[in-house]
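Engineer: Generate a structure from the sequence data that follows.
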Amino acid sequence: MPMDQLRLLRAVIGSLLLGGLVCGGGGVVWAESGYLVVHVEDVQRHPIGGVQIGTAGDGGSAFTGDDGKARIPLAKETKEKSWVSLQILKSPPHKDFVMVSPWDYRAVVPLFENESENFVKVVVVQRGDRLALESGTALAALTAQINKANAPKSADKQAPQEDPKANLAAVAKQYGLAPNELDQAIRAWGAKATDPYEAGLAALYERNYPKASAQLSESCRLREEKLAVDQKAVADAAFFLGLSLYREGKYKEAAAAYQRCLQFRPDDSTVLNNLALSLGDAGDYLAAEPLFRRALAIEERALGPDHPLVATSLTNLAMLLLDKGDYAGAEPLCRRSLAIEEKALGPDDADVAVTLNNLGEVLSAKGDYAGAEPLYRRSLAIRERALGHDDPAVAIGLSNLATLLLHGGDYAEAEPLYRRALAIDEKALGPGHPHVAICLGNLALSLMRKGDYAGAESLYRRALAIEEKALGPNHPEMAKILNGLASSLENEGDHAGAEQLFRRALAIDEKALGPDHPYVAASLTNLALSLQAKGDSAGAEPLFRRALTIDERVLGPNHPDLATPLDYLAALLHAKGDDAGAEPLIRRALAINEKALGPDHLNVTRDLSNLAMLLEGRGDYAGAEPLFRRALAADEKTLGPDHPETKQIRANLQALLDKESATKTEK
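Structural biologist: So this is what the prediction gives:
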């Protein structure tokens, strides 16, 4: 699978609605086709006159009368039940009003019928007015804005997270309030909230995701009962429920919530992106891809082909294609995204660093380490220059580069980079942050690669304790650390301890992600390897076969990740003497790797060597020799003549040549 720590997408997660604010009081309003009627009032429900309010785009504007009402001309193409963006164009003299409802300035155009509630209520506050801190309406709106800003921007759990303090300060500044006053007001309001939607928003703000999910789920249920009255309220609750469930690692449930929201906003690129991210993390790549493509098309049409948000959508789609093994499709999308951002933001912007990492991951996945390394190094340099040497984003850049070096066999340079990344995160985020656990896991893997299994075990156990406390015992991220810890125990000879952890990881993945997720296949493979190591080939074989079936069904028959379970199953069959069953599996793995990775990739050379040894074992020296020679030439080119793997293949070839010579002498 692609390296988790390299995933640096930036999905635009958030811009939805605030519930319960569309309908309001007032007398009969006679709606008219082609016009949007708005009521502008303050948080104390007093009408506000003299406010010029309009719609973005081709729509018009109008001033409110003394009763706070205005009739805004709509663009000709605007239909009933479509969405419009509202904006305050001018405040009365000596006033500076800011809209709090709807919090994202978007509203549904009511039906053009003569009914008493065919209007949109707009609530405003005077910038800097502390009455906003005493208004539940205003606090709900501000909390929703902060939650949107704090939402995950990537499916990668190691991607830089938004700074909650910075986002609080940004929203407070927008309304002319002090950040600490706003924070205290939100917490006090949330502690007293009885409405499930408001309680859920407050819990989401405090990052209490289980409580937020429970409250927002109840809010969805209650709002569904009033669907005919207020569809917007249902959409709001469903959106924030999806956000909270995603944070809990409940990707399928998050997708279901976003799908409900999408029913009301089918052309909202934000909701499409969030739904696609959730489906992608749930392993449903087939369903996620068309959603990303729809979001991309919508943003290109609305913003033009060279807008930075278009670059974001290109990146999201590219990373999904990478997960699907479509490297040829992913690379041009990443390159186009990079070109857009370099032109729009400049070559040294922090967002450019993210996209450089994404392109580096694509090249690394297809074995082009030489092409990937300068991208990682440039990305790291940009981050250090723009953010300073101790920023968590720099730690991610260090980890990305270290992982690339680790894959290339440069353990000596990789380890100090991992250690520096760990030190940065511990200082910046605190010793109990989930990103620290990821850094510990990375460093542990580095130690395992050089044979320090006891050192790796200690790091994995510390990472496990952090994630259990921060994420809970059943979060899918736990399974990754459990698999790493189990591997370290396996290498130390503790097969019983390893098997227990592998089984726990498998149970977590199956419960959290479903029985057919690629991560489940990986956990099955790990458990099978553990059983095989202790001689239980009969127990291992069905696990290998189940893993292969899952990957074939989810990823397709030619995905590069299929080569790994094919190789493992072939090795097991060879070990029990079934070379007739092993050979077609190795040949299929070789064909997959050659097509996806090119003739000189390390995975290709290993398949060539495995096939050569199988042929050698049955006396087919003529078939084995050219395979060994191809593998040797590729490794000498990729790794160099003195790399341990190159030397091993050279030794295998020489042993074969000696056997051939001895056979000829005997004849």
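
Engineer: so where is this protein shaky, pLDDT-wise?
Structural biologist: Counting by pLDDT under 70, the chain contains low-confidence residues at 1-32, 112-117, 153-162, 227-229, 666-667.

Engineer: And the helix ranked longest in it, what's buried?
Structural biologist: Identified as the longest helix of the chain according to DSSP state H is helix 644-666. Residues of helix 644-666 classed as buried under the neighbour-count rule (16 or more other C-beta atoms under 10 Å) are Glu645, Thr646, Ile649, Arg650, Asn652, Leu653, Leu656. (Each C-beta comes from the backbone N, C-alpha and C, glycine too.)

Engineer: Mind putting those into JSON lines with distance to Thr665?
Structural biologist: What follows is the buried residues of helix 644-666, written out as JSON lines (distance: C-beta to C-beta, whole Å):
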{"residue": "Glu645", "distance to Thr665": "31"}
{"residue": "Thr646", "distance to Thr665": "29"}
{"residue": "Ile649", "distance to Thr665": "25"}
{"residue": "Arg650", "distance to Thr665": "23"}
{"residue": "Asn652", "distance to Thr665": "21"}
{"residue": "Leu653", "distance to Thr665": "19"}
{"residue": "Leu656", "distance to Thr665": "15"}
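
Engineer: Name the helix or strand for Ile396, please.
Structural biologist: Here Ile396 is covered by helix 392-407, with elements defined by DSSP states H and E.

Engineer: Then Arg71?
Structural biologist: Arg71 is part of strand 69-73, with elements assigned from DSSP H and E.

Engineer: and the following helix or strand past that strand, which residues are buried?
Structural biologist: Per DSSP H and E, strand 69-73 leads on to strand 83-90 as the next helix or strand towards the C-terminus. Within strand 83-90, the residues that qualify as buried are Val84, Leu86, Ile88, counting by 16+ other C-beta under 10 Å.

Engineer: Tell me which other helices or strands the helix holding Ile396 touches.
Structural biologist: Helices and strands in packing contact with helix 392-407 are listed as helix 350-365, helix 369-387, helix 411-429, helix 434-449; criterion 3 or more C-beta pairs under 8 Å, 6 or more residues apart in numbering; DSSP states H and E.

Engineer: Check the offset of it from the chain's centre.
Structural biologist: 17 Å (C-alpha atoms, centre = their mean, to the nearest Å).

Engineer: Could the C-alpha coordinates of it be exported in CSV?
Structural biologist: Included here for helix 392-407 are C-alpha records, laid out as CSV according to Å, rounded to 0.1, in the frame of the first residue of the first chain:
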residue,chain,number,x,y,z
PRO,A,392,5.1,19.9,12.9
ALA,A,393,4.8,20.3,9.1
VAL,A,394,8.6,20.1,9.0
ALA,A,395,8.4,16.9,11.0
ILE,A,396,6.2,15.4,8.3
GLY,A,397,8.6,16.4,5.6
LEU,A,398,11.5,14.8,7.5
SER,A,399,9.4,11.6,7.9
ASN,A,400,8.5,11.5,4.2
LEU,A,401,12.2,11.9,3.1
ALA,A,402,13.3,9.3,5.7
THR,A,403,10.7,6.8,4.5
LEU,A,404,11.9,7.2,0.9
LEU,A,405,15.5,6.6,2.1
LEU,A,406,14.4,3.6,4.1
HIS,A,407,12.8,2.1,1.0
